[in-house]
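K.L.:
Please find the sequence and the predicted model below.
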Amino acid sequence: MSLSANEGRAGAGAGDFAARGASRIGYGSTSLMFATADVVAIAGLNMLVSFLFSAIAFEGEAFDLARGFGISLAASVAFVLTTQARGLYKPWQIARVSDEVSAAVVNWTFAVLFVGTVIFCLKVGNETSRLATGTFAALGFVVLPSLRWFYALWLRRSIAAGAVTGRSAIVIGDEKEVAKLTADDMMYGLGLSERRRFIFPSGDAAGAPDPLKSALQYARQHKIEEIVLALPWNDRARLDEVRARLRAMPIPVKLLPDAAVSPLLNAPRVEFGTSVAIEVQRAPLSRIELSQKRALDIAVSSLALTVLLPLFAAIALLIKLDTRGPVIFRQRRNGFGGREFTIFKFRSMTVMEDGAQITQAQKNDKRVTRVGRVLRATSLDELPQVMNVLLGHMSIVGPRPHAIAHDDAYSKLISGYAFRHHVKPGITGWAQVMGLRGETAKIELMERRIEMDLWYINNWSIWLDITIILKTFIEVMRKQAY
């Protein structure tokens, strides 16, 4: 029964702050603080841009305070409410910088569209400076994601220094279960400042001190505000005994999921009468969800095809000049429901395999052409698949389709492989933005990729698709394929 590492660190930090006379912030107040900071940033940015354009661009034209306030209010409300609804002001979520940055871009896009709709509906477009409003919207895509980096940095440093405090708590449990729980988990996930751990002895330890008695005594003496249990869920007898004895303390008690239950709790939860059920396999997308996904596919693929048409022509010319053969590589793949379709790619190799035996490209593969090596490294060889998306064979986001020969082989080796066909295959996917691109020489790599694909299917939302599209650009620049 030793003091946790967090107690010493938090105590030292708190002492430093007390010595300097600095105030501390409660864990529960941080969400409101972040939301307020966003409102101030959005309002301040709009007012500054509007004032500068009035004073400089429009040669001293009077600054319309009411209109500037109205746009600030609309943008702030749309952004903050969307962020709050998605749970992105929670401290543990703020600490996930990459997710927060992507979400900020998506939420600000929604806010900009909302402001545009309000301006249109109120018929004040002629009185509103398009240049100033456009500049404000563009700068928001820089300022708000940048704030996420600052929030995360401030939160980590403040928690480490004791400037952000949680409710005092103790942990009671088995050694194996407690060992997986860190002080940071307690603070970020539960808002608790761990004071001490009480471990049940393993095996038959006759005459050993009763950890539960010691925990209750410690909780009374040190005014503990919450108790956390880390015990196996299948040990019902001990759980019932612990719960019964803890009723002597009028404070909250939380039971953490054990090693067997934790993976299941990553799945979505649904109402089951007065209880909840775990959705270990979700139903196919509803008509509304399919319509949302299809609308996003058409919008993104149409825009990509229009903007990238000159690039398509340049790549086609380079392929023709480099080696003999067709510009477009075609290969049969299995799509939604296992239905076969033909996928399009820019040809990057000297072979056109589409049979029972297909060899994956490997590092320094001699079959890859000079132009093909650049195309594969930058993923430009995948661009013609926007045509597959427009034709309805594929989606922008979904599990990557594999050659039919590989499908047949992996379906026999990996459990749940066929479930990938419950949605349309995609140009990019959750597995790809999580770093699982390129060759899967080992079965373990493919199993990991399939695990990611199944997670995507079970947790699909239109917001997840938008997040993956944004992350794809980052991943392509970060890691090259071959």
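P.N.:
Looks like it came in fine. Residues are numbered from 1 along each chain as shown.
K.L.:
Strands of this protein, residue ranges please.
P.N.:
In the chain, the segments counted as strands under DSSP state E are 25-26, 164-165, 167-174, 192-200, 226-230, 253-255, 269-272, 275-278, 328-334, 340-346, 395-397, 426-428.
K.L.:
Run me through the strand neighbours of the last one, direction for each.
P.N.:
Strands that pair with strand 426-428, judged by DSSP bridges, come out as strand 395-397 (parallel).
K.L.:
Repeat that for the fifth one.
P.N.:
Strands flanking strand 226-230 in the sheet, each with its direction: strand 167-174 (parallel), strand 253-255 (parallel) (DSSP bridges).
K.L.:
could I get those as JSON lines with distance to residue 322, mean neighbour count and mean pLDDT?
P.N.:
Quick note: C-beta positions are derived from backbone N, CA and C, even for glycine. Shown next, in JSON lines, are the strands paired with strand 226-230 (distance: least, Cβ to Cβ, whole Å; neighbours: other Cβ atoms under 10 Å; pLDDT from 0 to 100):
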{"stretch": "strand 167-174", "distance to residue 322": "63", "mean neighbour count": "21", "mean pLDDT": "91"}
{"stretch": "strand 253-255", "distance to residue 322": "62", "mean neighbour count": "14", "mean pLDDT": "91"}
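K.L.:
quick one on the thing from earlier: export the strands of the chain to TSV and tack on distance to residue 238?
P.N.:
Putting the strands of the chain into TSV (distance: least, Cβ to Cβ, whole Å) gives the following:
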stretch	distance to residue 238
strand 25-26	34
strand 164-165	32
strand 167-174	9
strand 192-200	8
strand 226-230	10
strand 253-255	12
strand 269-272	26
strand 275-278	23
strand 328-334	49
strand 340-346	55
strand 395-397	45
strand 426-428	47
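K.L.:
Where among the ones you listed is average confidence lowest?
P.N.:
When the strands of the chain are compared by mean pLDDT, strand 269-272 comes last with a mean of 76.
K.L.:
can you pull the contacts of the most centrally placed residue in the chain?
P.N.:
Nearest to the mean C-alpha position of the chain, by Cα atoms, centre = their mean, lies residue 99 at 4.3 Å. Taking Cβ atoms under 8 Å, 6 or more residues apart in numbering as the contact definition, residue 99 lies against 93, 467.
K.L.:
Where does the prediction get shaky in the stretch 151-300 of the chain?
P.N.:
Filtered on pLDDT under 70, the stretch 151-300 of the chain yields the residue ranges 203-208.
K.L.:
could I get stretch 321-336 in PDB with only the CA atoms?
P.N.:
Taking Å, rounded to 0.1, in the frame of the first residue of the first chain, the C-alpha atoms of stretch 321-336 are listed here in PDB:
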ATOM      1  CA  LEU A 321       6.500   8.600 -72.500                       C
ATOM      2  CA  ASP A 322       8.000   6.400 -69.800                       C
ATOM      3  CA  THR A 323       6.900   2.900 -70.900                       C
ATOM      4  CA  ARG A 324       4.700   1.100 -73.400                       C
ATOM      5  CA  GLY A 325       1.300   0.100 -72.300                       C
ATOM      6  CA  PRO A 326      -2.100   1.500 -71.200                       C
ATOM      7  CA  VAL A 327      -2.400   4.600 -69.000                       C
ATOM      8  CA  ILE A 328      -5.100   3.100 -66.800                       C
ATOM      9  CA  PHE A 329      -4.600  -0.100 -64.900                       C
ATOM     10  CA  ARG A 330      -7.800  -2.200 -64.400                       C
ATOM     11  CA  GLN A 331      -8.200  -5.000 -61.900                       C
ATOM     12  CA  ARG A 332     -11.300  -6.800 -60.500                       C
ATOM     13  CA  ARG A 333     -12.100  -6.200 -56.900                       C
ATOM     14  CA  ASN A 334     -14.900  -7.200 -54.500                       C
ATOM     15  CA  GLY A 335     -17.100  -4.300 -53.400                       C
ATOM     16  CA  PHE A 336     -20.300  -3.700 -51.400                       C
END
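K.L.:
related to what we said a few turns ago, which pLDDT value goes with the residue nearest to the centre of the chain?
P.N.:
Taking residue 99 on its own, its pLDDT is 79.
K.L.:
What number of neighbouring residues does residue 232 come out with?
P.N.:
Residues lying near residue 232 (other Cβ atoms under 10 Å) number 16.
K.L.:
swap that for residue 373, sorry
P.N.:
16.
K.L.:
Isn't it up against residue 348?
P.N.:
Yes: contact criterion Cβ atoms under 8 Å: residue 373 and residue 348 qualify, at 7.5 Å.
K.L.:
Quick check: neighbours shared by the two?
P.N.:
Common contacts of residue 373 and residue 348, defined by Cβ under 8 Å, 6+ apart, are absent altogether.
K.L.:
Which one, of the strands of the chain, ends up nearest to residue 464?
P.N.:
When the strands of the chain are compared by Cβ to Cβ, strand 395-397 sits nearest residue 464, at 7.8 Å.
K.L.:
List of residues touching the closest one?
P.N.:
Under the criterion Cβ under 8 Å, 6+ apart, residues 293, 296-297, 300-301, 389, 423-430, 456, 464-465, 468-469 lie in contact with strand 395-397.
K.L.:
now swap in stretch 218-229 and tell me
P.N.:
Contacts for stretch 218-229 (Cβ under 8 Å, 6+ apart): 167-173, 181, 186, 190, 192, 195-196, 198, 215, 239, 242, 246, 249, 251-256.
K.L.:
what about 6 Å?
P.N.:
With contact meaning Cβ atoms under 6 Å, 6 or more residues apart in numbering, stretch 218-229 is reached by 167-173, 192, 249, 251-255.
K.L.:
got the contact list for residue 79?
P.N.:
Residue 79 is in contact with 107, 111, counting by Cβ under 6 Å, 6+ apart.
K.L.:
Repeat that for residue 368.
P.N.:
Here residue 368 is in contact with 348-349 (Cβ under 6 Å, 6+ apart).
K.L.:
Next one: it from residue 152, what distance?
P.N.:
Using Cβ to Cβ, to the nearest Å, one gets 40 Å for the distance from residue 368 to residue 152.
K.L.:
if we can go back for a sec, let me know which of the strands paired with strand 226-230 is the nearest to residue 271.
P.N.:
Comparing the strands paired with strand 226-230 by Cβ to Cβ, strand 253-255 comes nearest, at 20.6 Å.
K.L.:
Can you give me the pLDDT of the nearest residue to residue 82 once chain neighbours are set aside?
P.N.:
Using Cβ to Cβ, 6 or more residues apart in numbering and skipping residues adjacent in sequence, the residue nearest residue 82 is residue 107, 4.6 Å away. We have a pLDDT of 90 for residue 107.
K.L.:
quick one: residue 382 from residue 143, how far?
P.N.:
Taking Cβ to Cβ, one finds residue 382 at 32 Å from residue 143.
K.L.:
out of these two, which sits in the more crowded spot?
P.N.:
Taking other Cβ under 10 Å, residue 382 and residue 143 do not tie; residue 382 has more neighbours (21 against 17).
K.L.:
Report how many residues lie close to the residue nearest to the more buried one when sequence neighbours are not counted.
P.N.:
Counting by Cβ to Cβ, 6+ apart, residue 382 lies nearest to residue 427, which is 5.8 Å off, once chain neighbours are set aside. Per other Cβ under 10 Å, the neighbour tally for residue 427 reads 27.
K.L.:
With residue 142 instead?
P.N.:
Neighbour number of residue 142 under other Cβ under 10 Å is 11.
K.L.:
And the longest helix along the chain, what's buried?
P.N.:
Ranked by residue count under DSSP state H, the longest helix found in the chain is helix 130-161. Neighbour-count burial for helix 130-161 flags 132-133, 135-137, 140, 143-145, 147-148, 151-152, 154-156, 158-159, 161 (criterion: 16 or more other Cβ atoms under 10 Å).
K.L.:
Thanks again, I'm all set now.
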